[in-house]
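> turn this into a model:
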Amino acid sequence: MDSIKEKKYWKKNLKYLLILLSIWFLVSFIFGILLVDELNTVKIGGFKLGFWFAQQGAIYVFVILIFVYKK
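Below is the predicted model of the structure:
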């Protein structure tokens, strides 16, 4: 019976990890590197959005992802 619970746990955990890693990849690589020129056309608080994602936004998202996974 424990083996079935372990398999269910790991299946759910891997699905959760895949979602969180996808968000991490999207924010850090796609928004922070590939789409930076397009995002720089928008400004937030006087800073270009591409710069914000690369410098501040990615850090905030990473910390949020840590707390979400810890849950």
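> what sits against the residue most central in space within the chain?
Nearest to the mean C-alpha position of the chain, by C-alpha atoms, centre = their mean, lies W24 at 2.6 Å. Residues near W24 by C-beta atoms under 8 Å, 6 or more residues apart in numbering: V61, F62, L65. Quick note: C-beta positions are derived from backbone N, CA and C, even for glycine.
> so the second one versus L39, what's the distance?
It refers to F62. Distance from F62 to L39, counting by C-beta to C-beta, to the nearest Å: 18 Å.
> comparing these two, which residue is more hemmed in?
Per other C-beta atoms under 10 Å, whichever of F62 and L39 has more neighbours is L39, with 19 against 13.
> helix or strand right after the host helix or strand of the residue nearest to the centre of the chain?
Per DSSP states H and E, W24 falls inside helix 2-25. Per DSSP H and E, the first helix or strand lying C-terminal to helix 2-25 is helix 36-39.
> following the chain onward from that next one, which element is next?
Criterion used, DSSP H and E; the element after helix 36-39 is strand 43-44.
> mean confidence for that following strand?
Taken as a whole, strand 43-44 carries a mean pLDDT of 84.
> sheet partners, orientation included, of the next helix or strand after it?
Note on strand 43-44: by DSSP H and E, the next helix or strand toward the C-terminus is strand 47-48. With DSSP bridges as the test, strand 47-48 is paired with strand 43-44 (antiparallel).
> what residues does the partner strand touch?
L49, W52.
> ditto for stretch 13-20
L65, V68, Y69.
> only alpha carbons, please: show it as CSV.
C-alpha atoms of stretch 13-20 as CSV (Å, rounded to 0.1, in the frame of the first residue of the first chain):
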residue,chain,number,x,y,z
ASN,A,13,5.1,16.2,-7.3
LEU,A,14,6.7,15.8,-10.7
LYS,A,15,3.7,17.5,-12.3
TYR,A,16,3.9,20.3,-9.8
LEU,A,17,7.7,20.7,-10.5
LEU,A,18,7.1,20.7,-14.2
ILE,A,19,4.6,23.6,-13.9
LEU,A,20,6.9,25.6,-11.6
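> where's that stretch relative to the chain centroid, distance-wise?
11 Å (C-alpha atoms, centre = their mean, to the nearest Å).
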